[in-house]
Structures are given as structure tokens and as C-alpha cells.
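Undergrad: Could you look at this predicted model? Sequence included:
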Protein chains: 2
Amino acid sequence: MGIARSNSVVLAAVPRGVPRPDCFALREEEVPSLRDGDVLIQVSELSLDPYLRTAIVGRHLGDPVVPIGGVIPGRAIGRVVESRSPEIEAGTWVLAETGWRQYAVVRGAQVEPVRVPAGVPRSAALGALGMPGLTAYAAIERHLRPTAGETVVIGSAVGGVGSVAGQLARLSGARAVALVGDERKARTARELLGYDAAVVRTAADWRDQLARACPDGVHGYLHMGDAQTLDGVLAALAIGARVSLCGLMDQYNDGPRTMLAAGAVMRARAIVYGMVVYDHVDLAERHRAQVGELIRTGQLKLNEDRYSGLESAPEAFARLMSGQNTGKVIVEVAPPHLLS
Amino acid sequence: MGIARSNSVVLAAVPRGVPRPDCFALREEEVPSLRDGDVLIQVSELSLDPYLRTAIVGRHLGDPVVPIGGVIPGRAIGRVVESRSPEIEAGTWVLAETGWRQYAVVRGAQVEPVRVPAGVPRSAALGALGMPGLTAYAAIERHLRPTAGETVVIGSAVGGVGSVAGQLARLSGARAVALVGDERKARTARELLGYDAAVVRTAADWRDQLARACPDGVHGYLHMGDAQTLDGVLAALAIGARVSLCGLMDQYNDGPRTMLAAGAVMRARAIVYGMVVYDHVDLAERHRAQVGELIRTGQLKLNEDRYSGLESAPEAFARLMSGQNTGKVIVEVAPPHLLS
């Protein structure tokens, strides 16, 4: 092919607090030539996920994992436009760690072909059938274990992880209650994703609303959010509740450590799990098969928040990290239909 | 018999913070006459346990469960000196909720005969073979699940619960590390109870000492103590650690809510359990049989902190609630040999 230059997004300033778009800059870079074993990928859709905040900055301010001027890491779907790898043919749609780029050179051994059932959009491989979906699947399956008649509360309920977790909880026979940041997302939760109720966590009386939505208490809670939300839900736990700590949004954004009330855990005789998806990759095949079938048959809905063009990634990421995303965040770097 | 009057300990003032001895007062009371179904018990040994702090005051200051002038609740061993219950004969040694009294009238249906193996002191029924021992047994069996080569850290390591938990952890093949309040208890932990190491949690460098005592991290932690201790141990958790929240000492004493770091739980992919012993009474028979045999054969040592006379109970309780007890706290109301 011979792609000489391509756009990428680099770190312009170390983010403090919620990342601002001007922490990032668009920069043209040279596309390196392929060595044996490499593939050249044209990126189609880029996934933005909260874990990237930590991947960029690391745990200490001023000590970024990505240096100033370095390309932002990230997972994407794209098409192999040139291959010097015996494992991957040119033309193959793949999932790869490309970073925020239009074109990326990656080792062929480190990419995997996109596998989604017929009729399911490829971007599902970044969301409901990818790491966010596996996170939801494992949290429901191994931590919350909802049973019919129980009530499960899902934080960030319409996002990449939450939208899948809520629907899986309902499919298991439990009632699902969404915690969301605004009324628009509350509607999405109820109308698109089938939650039994949705509570806007910024409302002054949200704890009362939660109590009304969970008259028998909270049996399962998937936590992705801030410390106040955690505190409010823990106070509403039913006896024997399960809590999966999946995302600490304010802590990611350099806020104070998220602390949880030990007394609430004891009072509910609750079990609290620290969730890191990499511990659950043994479930990946089963997750992909089951959730793939649920999507194909229309029982589980995708909820994407799509942005157009690589240059929109900084703004999209800032919105994600301040809870303004309306679904799984996907940046269309090159619209898929142009690559087919 | 006809016991007309007997001593009891009543609430003199609502405790604030760590209870002081002058919150209690010795008072002579009339022993009521027996109705059908009642038994009269002469108390031999009274058990003092941290949960009593909450039982006395309840959750809100100024709203005590025990009224001023009311007798302090408590569990004891004693001998039935008169029975109008068909279930219990006079002369039987029983476990009962007597309160802090020399003589108590209790419903026969609510007492149980003391059952300890031959050669084991009856007081074990209040400690290692009673509720504290069951707490330890269930926490080890169901929460910490230590395996050979793992390291388990036990808070309040020489007390009623901790002394049993540490020895059970070692018997399961794990290394056991004691957290204690002073050097004297550290010696008890190492020399009497067989802990592999003991860390004095008030030492300035206790976190470093803990790290040295747990070179592979902490795989299991039984928490009974203050928030600072909890924070330090959580920071030292190994991947996949289990934590049982068993006692929140400073919170019991009206301190601030004990909060735990959600990030530490996530980083370790830990599981945190709220422990309330009443959820585990199904284990009581097995606990009594197994731990009874371990005591009888000398594999598990009892560690009691004994006080003499009912009038010593307020001082003993104040010491317990400020962590100055040196073992399971037993008040000898009437020395057992005088009742036999």
C-alpha cells in the first residue's frame, strides 16, 4: 500500500482532574514501514474507556505513563491493509491495540480477528462483546449472582459496562434499577435498555428515590461512580447483598480516595468484590457466545455513543470522564462502510 | 433455696466514647420468685464481649437500649440452684443470658447445658467453644479460607475471637501474623498461641513491620480494630485476598464511621465480607466438635483474661473496649470450685 503519513492524537499536557480536550493534540506522524510479522491496520472504530485515564497518567501526577507528545493508547477495530504476518491476511477485520491513530503498525501475533454473529455490528466487539461486556458478564455471573425477584442496582447504567450488566440482570429474572447522571439517560435506561426504574444520582432526593425503587433493599450493586453514590447505595443494601467495585470515577480523576463504610457492609452481611476484568478472561468464550446470541436475537440492545473523526476523540474522552457519555463511547475514525 | 437478694451491675450513665468504669454501678436487687418454667441460676463466670457496647447504647447516643438503672446484659455460665422447668434439673451447669448478676431467674427453655469435652474448662463454652470461637471458626472456614503457604493476619490477635482464629489459620497450614496492642500481647501471641509473627499496631513503623512479616502480601485478614489498622492492612493485601470485617472497635466507641479504601480492594481483586456470627449458627455443631477436640488434645490453647468478683466487671469492660484485655475476658462472679 505505502501509507506514508497518518494522523494520531498525542498527550499535550498531563491531565489534572477530569481530562480537558486541550490535554490532547492532533499530530501527523510517519507510518513506520513493516518488518516481518507486522501488519498495517487502517483504524475504523476506536473504543474509549475510563481505564485509559489511568493508563495515560499512571497513579502519580506528574509521572505519566504516556510521555508528553506520546500517542494515547487505545483499542480499536480496523482492517488490515498490508500484512507481513503469516497469521493475518490483508483485508481481515481485526481488534488491536492501535492507540488513537488512523493507521497503526502492530505485530500480527497481537491482533485478533473480529468475531461477531451475523447481523451484529462489528463495533459490538469493542463494547457488549468486548472487554466492557465481559466485565459486565463476569460481575453479574461471579459477583452479583442475581436471582428472580431480587433487585440489582447498576451504576453508570447506560454506559459500556452498565448497559450490558443491567440487561443481563433483568434476563436473570431480577429487577434492574439504573443509576444515571441525567434525565435523558434515565429515559434511555427505561425505554431502550428495559430497566425497571432509573434514578438520577444528582437529584437532591436521590437516596429516597432509590429506596422507593428498591423496596426490599439492594441485593446486588455494580459500582461505577463517585464516593457519594457508593455511600448512598451501601446504606440501602439488603441482608446478604453483593457489591462489585468496578470503577471509581472520581478517584480516576485525581479525586480523593473512594472510601466505603465498613459498618454498612457488616450490617448487611454483604460481600464486596474488587473487579478487574483480566481475572475473568476464562469466561470470554462463554460471554461472547451467550451475549452474541442475545444481541442477534434482539434480547440485548446495544447502546453506543458515537463520535465522528479521530479529531473528536479528545472531546469524547472528556465527556466520558465527566459522565456525559450517553452509551458505550465509539469514535468513528474511518466509517466502516468506506473500508468494506 | 430462697435467695432473696443478690448483686447486679446497672447502667449509671450513658457511655460516650470508650466506656468508663463509672458508667456502671453495683446495686443489690431483689431476686424474683420463680414462676412455672423458670430456673434460678447462680452465676459462676460472666463473658464480656465488645458487642455489649452496642447492646447497651444502641446506635444513637442518648437513646440507650439499657435504661439508666437497668441491668447490663451478658452471657454467663452458672449452676441451676432451683428449677421449676421440666427441661432443666437443679444442679445442671448451664449457659444463659443472665445479665451482669450474681443470681438470675431465666426461662428454662432459654438456657442450654454446658457441653465441653472432658478435661476442658467449662469457661471454654463462653470463649473458644462459644460465640467468639464460632465467629473465628466461621470467618476462617467461610471467609478467609486459608491454604498452606498463605499468610493470614488476625486483628485483636490474642482476644476471644482472634486467639482462636489465629490458631485455626495455622492448623490449616497458613502462616499466621498477629496484630496486637502492646509487646506483652505480642509475646503471648508468639509464645502461647503459636503465631509466626506479631506486629504491635501502635508502633510508628508498624506498616513496615507488617510488610516484613508478610513478604508475599496478606492473603486473609480478620479485621477487629480501628480504621488506621484496616487501612494499613488493606494496603498490604495480596492479589485475591479475603477480608472478614468482624469488629469495628473505634466505631463501637462512638468514633467516626470506619471507612475502607475501595481502591485497595480493587487493586487486590479482594473479597470483603461483613461478618455477623448469627449467620453462621449452622456451623455450631461442627465448630464445637472440631475445636473441642483441638482443645482437648492440646492443639489449640485457651487464652483467658480473668477478673475476680462481679464488682470487677466495669473495670474489665473498660479495659476490653480500650484494647487492654490480654485474652478472652471472663469475670469470675463465683469461682466454679465453690459451686461444684
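TA: Cool, the structure landed.
Undergrad: Show me where the stretch 201-340 of chain A has its strands.
TA: A:218-225, A:237-248, A:259-261, A:271-274, A:304-308, A:328-332 (DSSP state E, counting those that start in this stretch).
Undergrad: Tell me if I'm right that A:Ala318 and A:Arg20 touch.
TA: Yes: the pair A:Ala318 / A:Arg20 is scored as a contact, 5.8 Å apart, by C-beta atoms under 8 Å. Every residue, glycine included, has its C-beta placed from N, CA and C.
Undergrad: which stretches of the stretch 151-300 of chain A aren't confidently modelled?
TA: For the stretch 151-300 of chain A, no stretch has pLDDT under 70.
Undergrad: to the chain's geometric centre, what's the distance from stretch A:248-255?
TA: 16 Å (C-alpha atoms, centre = their mean, to the nearest Å).
Undergrad: list the buried ones in it?
TA: By 16 or more other C-beta atoms under 10 Å in any protein chain shown, the buried positions in stretch A:248-255 come out as A:248-253.
Undergrad: Those residues: which ones sit near chain B?
TA: Near chain B, judged by C-beta under 8 Å from any C-beta of the partner chain, the entries from those are A:248, A:251.
Undergrad: from the buried residues of stretch A:248-255, which two are the most distant?
TA: Maximum pairwise distance in the buried residues of stretch A:248-255, criterion C-beta to C-beta, is 9.4 Å, between A:Leu248 and A:Asn253.
Undergrad: domain parsing for chain A?
TA: A:5-124+A:304-339, A:131-284 (automatic domain parsing).
Undergrad: The closest residue to A:His287 other than its chain neighbours is in what secondary structure piece?
TA: Nearest non-adjacent residue to A:His287, counting by C-beta to C-beta, 6 or more residues apart in numbering or on different chains: A:Tyr137, 4.2 Å away. Per DSSP states H and E, A:Tyr137 falls inside helix A:131-138.
Undergrad: Can you name the next helix or strand after that helix?
TA: strand A:151-154.
Undergrad: Serialize the strands of the stretch 201-340 of chain A to JSON lines and add fields for distance to A:Gly133.
TA: Below are those laid out as JSON lines (distance: least, C-beta to C-beta, whole Å):
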{"stretch": "strand A:218-225", "distance to A:Gly133": "13"}
{"stretch": "strand A:237-248", "distance to A:Gly133": "13"}
{"stretch": "strand A:259-261", "distance to A:Gly133": "26"}
{"stretch": "strand A:271-274", "distance to A:Gly133": "18"}
{"stretch": "strand A:304-308", "distance to A:Gly133": "12"}
{"stretch": "strand A:328-332", "distance to A:Gly133": "9"}
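Undergrad: which residues touch A:Leu134?
TA: Neighbouring residues of A:Leu134 by C-beta atoms under 8 Å, 6 or more residues apart in numbering or on different chains: A:277, A:280-281, A:283-284, A:287.
Undergrad: Mind picking the one among those residues that's closest to B:Glu332?
TA: A:His280 (54.2 Å).
Undergrad: do you know how far the closest one is from A:Met131?
TA: 10 Å (C-beta to C-beta, to the nearest Å).
Undergrad: A:Ala261 now?
TA: In terms of C-beta to C-beta, A:Ala261 sits 30 Å off from A:Met131.
Undergrad: out of those two, which sits in the more crowded spot?
TA: Higher neighbour count among A:Ala261 and A:Met131: A:Met131, with 21 against 18, using other C-beta atoms under 10 Å in any protein chain shown.
Undergrad: can you give me the strands for the stretch 51-200 of chain A?
TA: A:75-83, A:93-97, A:103-107, A:112-113, A:151-154, A:175-180, A:197-200.
Undergrad: Quick check: A:Arg115 touching A:Ala124?
TA: No: counting by C-beta under 8 Å, A:Arg115 stays clear of A:Ala124, with 10.0 Å between them.
Undergrad: Which among the domains of chain A is found nearest to B:Leu11?
TA: Closest among those, using C-beta to C-beta: domain A:131-284, at 23.4 Å.
Undergrad: how long is the closest one end to end?
TA: One end of domain A:131-284 sits 9 Å from the other (C-alpha to C-alpha, to the nearest Å).
Undergrad: Neighbours of the residue in the stretch 101-250 of chain A that chain B sits nearest to, how many?
TA: Going by C-beta to the nearest C-beta, chain B is nearest to A:Leu245 of the stretch 101-250 of chain A, at 5.2 Å. The tally of other residues near A:Leu245 (other C-beta under 10 Å) stands at 26.
Undergrad: Just among the contacts of A:Leu134, which is most surrounded?
TA: A:His287 (24 neighbours).
Undergrad: Would you mind pulling the contact partners of the longest helix belonging to chain A?
TA: Identified as the longest helix of chain A according to DSSP state H is helix A:284-296. Outside helix A:284-296, the residues that touch it by C-beta under 8 Å, 6+ apart are A:115-120, A:124, A:128-129, A:133-134, A:137-138, A:164, A:167-168, A:171, A:300-302.
Undergrad: Repeat that for stretch A:136-145.
TA: A:128, A:146, A:152, A:161-162, A:164-165, A:168-169, A:172, A:219-222, A:242-244, A:246, A:271, A:273, A:275, A:277, A:279-280, A:283, A:287, A:290-291.
Undergrad: Using neighbour counts, pick out the buried residues of it.
TA: For stretch A:136-145, the neighbour count (16+ other C-beta under 10 Å) marks A:136-141, A:143-145 as buried.
Undergrad: Without its sequence neighbours, what residue ends up closest to A:Thr54?
TA: Using C-beta to C-beta, 6+ apart, the closest residue to A:Thr54 is A:Tyr252 (5.9 Å).
Undergrad: Repeat that for A:Leu48.
TA: That would be A:Val329: by C-beta to C-beta, 6+ apart, it lies 4.1 Å from A:Leu48.
Undergrad: okay, now that neighbour: neighbour count?
TA: With neighbours defined by other C-beta under 10 Å, the count for A:Val329 comes to 25.
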